[in-house]
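# Kindly generate the corresponding structure for this input.
(6 chains)
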Number of protein chains: 4
Amino acid sequence: MNQAAPRRQRANGVESRRRILDAAVQITGERGYEGTSIAAVSAVCGLPASSIYWHFKDKDDLIAAVIERSFETWLAAVELPGDETAAPLERITELARNVAKSLLEAPDFLRLGLMLVLERRPEEPRGRVEFLRVREIAHERVAAMIELLVPGLDPESVRMLTSYAVAGADGLFVHREIAGDGVDLVQLFELHARLVYEAAVRISEGASR
Amino acid sequence: MNQAAPRRQRANGVESRRRILDAAVQITGERGYEGTSIAAVSAVCGLPASSIYWHFKDKDDLIAAVIERSFETWLAAVELPGDETAAPLERITELARNVAKSLLEAPDFLRLGLMLVLERRPEEPRGRVEFLRVREIAHERVAAMIELLVPGLDPESVRMLTSYAVAGADGLFVHREIAGDGVDLVQLFELHARLVYEAAVRISEGASR
Amino acid sequence: MNQAAPRRQRANGVESRRRILDAAVQITGERGYEGTSIAAVSAVCGLPASSIYWHFKDKDDLIAAVIERSFETWLAAVELPGDETAAPLERITELARNVAKSLLEAPDFLRLGLMLVLERRPEEPRGRVEFLRVREIAHERVAAMIELLVPGLDPESVRMLTSYAVAGADGLFVHREIAGDGVDLVQLFELHARLVYEAAVRISEGASR
Amino acid sequence: MNQAAPRRQRANGVESRRRILDAAVQITGERGYEGTSIAAVSAVCGLPASSIYWHFKDKDDLIAAVIERSFETWLAAVELPGDETAAPLERITELARNVAKSLLEAPDFLRLGLMLVLERRPEEPRGRVEFLRVREIAHERVAAMIELLVPGLDPESVRMLTSYAVAGADGLFVHREIAGDGVDLVQLFELHARLVYEAAVRISEGASR
DNA sequence: AATGAATGAGGATTCATTCAT
DNA sequence: AATGAATGAATCCTCATTCAT
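Below is the predicted model:
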């Protein structure tokens, strides 16, 4: 049965697009890729399903856009570590703290991305591709940070430490999703940063001797 | 109105149930909760959809059973670390290696479980509940291991280190799902075990001084 | 999923048949012909669906048996009017009172029968045929009673009055089904009996003059 | 995955809704609530099942709409008794005749409503609620008519006579459904009207004395 | 006398998508 | 820029029924 809400304002493409994406973030966060139906997005945003297709080519396109926008929101929330003269451990811990906080504020991109990444469907959704793309960006930044703060590491070690660092971040995020608000995510990220840093230093020192 | 067709094979409940679960593991691993259709499971296992409903109350029930059986398979694959006289770091590394190997062999339970756990649907699927239950078992085992090998830790530290250890395992698993066979999961788990162990020792020593 | 109850006693055909009919009366009374599923009957009586088919040829057969048994229960509840020397109006009122009371006690036969009779499905269910059969019996009894108590009526008038009498009973039963326990069915049946009797007398007198 | 077919006719909501209701009246009249399948309605009206769900929320909603529209059709068919100067018995007989004729022409509302009313399903269908609502309207009209034509009746007697009058109408309708075209429904309604009227007069006179 | 297991057909409903307006 | 109406395919699940044991 038709349940469209009454028109609230005259046509405004940008605003409508935003409302659709807002609704889609909510639904995808709740139900994942397959669980997200255009009808559900329509019900939440108040626009008819056909209007969603005016703004987005298809469901895949919509979800890729959700990931993209959500990643940008998240990136904006990760403030860059300020003081370039501080000690390496300080700087790396500061970054970890920022990431932890950003994940508390804008976690949609990561939650949805991880869901997409855990699936193995034959035809890869564009949202998954998009997630892997933006994740690569994050990966490179971490690698650059490690190389900067712990010089002298061989590329293979940098790669391993970066993977370990990012994987740990993912795991801690998942842990908080499971265990809820009681988890002190900032503290865990600080621990993580310290362990990664010390491992890097040890490898670096072992190699230079 | 509806007429039943002639029987084709002798009824065998246990065997049929197994075939259904085998098919369901495969599909859920590929497509997650919503993406798993009874029709697809039926196509893979060769039994009609209505027969699936003889063995399982509904889709939810089927997926919970998948998680349960998959966890048991996984548990059996994690061999307990043998030599009780070995050094703690040796023993903990051995466990990590076993976990890494088991996740390479029987990862369905964890992949599906993580998917379910990342969703936030209002009505919690039974599969999610089941995953949280078995995950709690794993959690307790890790905690016991830490307390055994690094005595003198306060409960709060044990809790934090256990969370960190399990979260790291999750993250590394996800990393391998993303990056594929090129990842040396065993090596990463060894690194993870060492870092957790050293952190535990440091906390323990700091506290005892 | 299989949900059969544990065996409660050794095989006993009569008892099982009774349990099935008891369950079927309940379900058909609630949901009508189409709404009654073998699975629902099975769930209520605790016997597996296949056992129901051991006792009854098919669903149609089961429902016809429900009607038949329910009608017999009802017939037994209608006590015959006792005093043969009483005045006609007394006797007819007494009968009406008995019918009213029996409909308060054992109304399944009529409720289910009316449901079947209001449908117009192409293939007539055996239950409907059965209901029409037993209803015809009731019709004949009423006709005999009218002819006995108000002699001299032409057959056409007897037929009309009988139809009117039975139709009124049906309508009053429906009225009570709708309006609930607050309805004084006995009082309404007394009124009905008196009006039918007086109409009969008037017709008879008019004809004899 | 699913691709839509080309449009075949210009969209016209009102007309489609009418076609669906026309089909639904026919099917519900034949098979009752449970027996009415959306697929059958779709086959009769020519619109695909999914289109029915554009116009009606679910099957319950459709059947409630059927009752509502059918009642309106019936109400329109019951012409109001014309001559306000005629004798009360004349006027009441005229009304009864009109009701009888209307039930011969547009009986769907009553047949379907009675089916719904005889069921006792735990979750009450909206169609049932709708039927009770419109039936209440009919009830009030009859009560008003009785009060107008036989003044001086106490409210309790009006209530009882109204119930008896409406119940008789239901019963006579059922009788014709069973016995078929051979029944002279108009004659039976005339008899019914006369008996109710005379009973009312007698009660009124008895009370005033 | 009974039942565990199975089966094809069909149940209501939702799906992603299209298109004329 | 937007939407009412429509649509075929697919969704989960229940149906009446059968049959080997």
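# pLDDT of stretch A:44-56, averaged?
Mean pLDDT, computed over stretch A:44-56, is 97.
# Likewise for stretch A:13-24?
94.
# Can you name the residues that contact the spatially closest residue to A:Val186 that is not a sequence neighbour?
Once flanking residues are discounted, A:Val186 sits nearest to A:Ala100: 4.6 Å by CB to CB, 6 or more residues apart in numbering or on different chains. Bear in mind the C-beta positions are built from the backbone N, C-alpha and C, glycine included. Taking CB atoms under 8 Å, 6 or more residues apart in numbering or on different chains, we find A:Ala100 in contact with A:172, A:185-186, A:188-190.
# Present these as CSV; the columns should include pLDDT.
Below are those laid out as CSV (pLDDT from 0 to 100):
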residue, pLDDT
A:Leu172, 97
A:Leu185, 95
A:Val186, 96
A:Leu188, 96
A:Phe189, 96
A:Glu190, 95
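# restrict the residues you listed to contacts with DNA strand F.
Contacts with DNA strand F are made by none of the contacts of A:Ala100, judged by CB under 7 Å from any atom of the strand.
# Need the buried ones from these selected in ChimeraX.
Buried subset of the contacts of A:Ala100, written as a ChimeraX selection, criterion 16 or more other CB atoms under 10 Å in any protein chain shown:
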select /A:172,185,186,188,189,190
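# List the residues that contact the residue nearest in space to the middle of chain A.
Among the residues of chain A, the one closest to the centroid is A:Leu110, at 3.3 Å (CA atoms, centre = their mean). Applying CB under 8 Å, 6+ apart to A:Leu110 gives the contacts A:74, A:103, A:170, A:173.
# Verify the stated contact: the third one with B:Gly171.
Spelled out, that is A:Asp170. Yes: A:Asp170 is within contact range of B:Gly171, at 4.2 Å (criterion: CB atoms under 8 Å).
# in chain A, which spans are helices?
A:13-35, A:38-45, A:49-55, A:59-77, A:88-105, A:108-118, A:126-149, A:155-179, A:185-208 (DSSP state H).
# how does chain A divide into domains?
Following automatic domain parsing, one finds the domains of chain A at A:13-56, A:68-208.
# Which of those sits closest to D:Ala144?
domain A:13-56 (45.0 Å; CB to CB).
# Next, see if the closest one gets close to chain D.
No: on the criterion CB under 8 Å from any CB of the partner chain, domain A:13-56 is out of touch with chain D, staying 10.8 Å away.
# Over to that domain now: how far is its first residue from its last?
Using CA to CA, to the nearest Å, one end of domain A:13-56 lies 12 Å from the other.
# quick one: it to chain centroid distance?
20 Å (CA atoms, centre = their mean, to the nearest Å).
# again, but for stretch A:58-70
Put simply, stretch A:58-70 sits 13 Å off its chain's centre (CA atoms, centre = their mean).
# Kindly report the same for stretch A:84-93.
Relative to the mean C-alpha coordinate of its chain, stretch A:84-93 is positioned 24 Å out (CA atoms, centre = their mean).
# and what of stretch A:134-142?
With CA atoms, centre = their mean as the basis, stretch A:134-142 stands 10 Å off its chain's centre.
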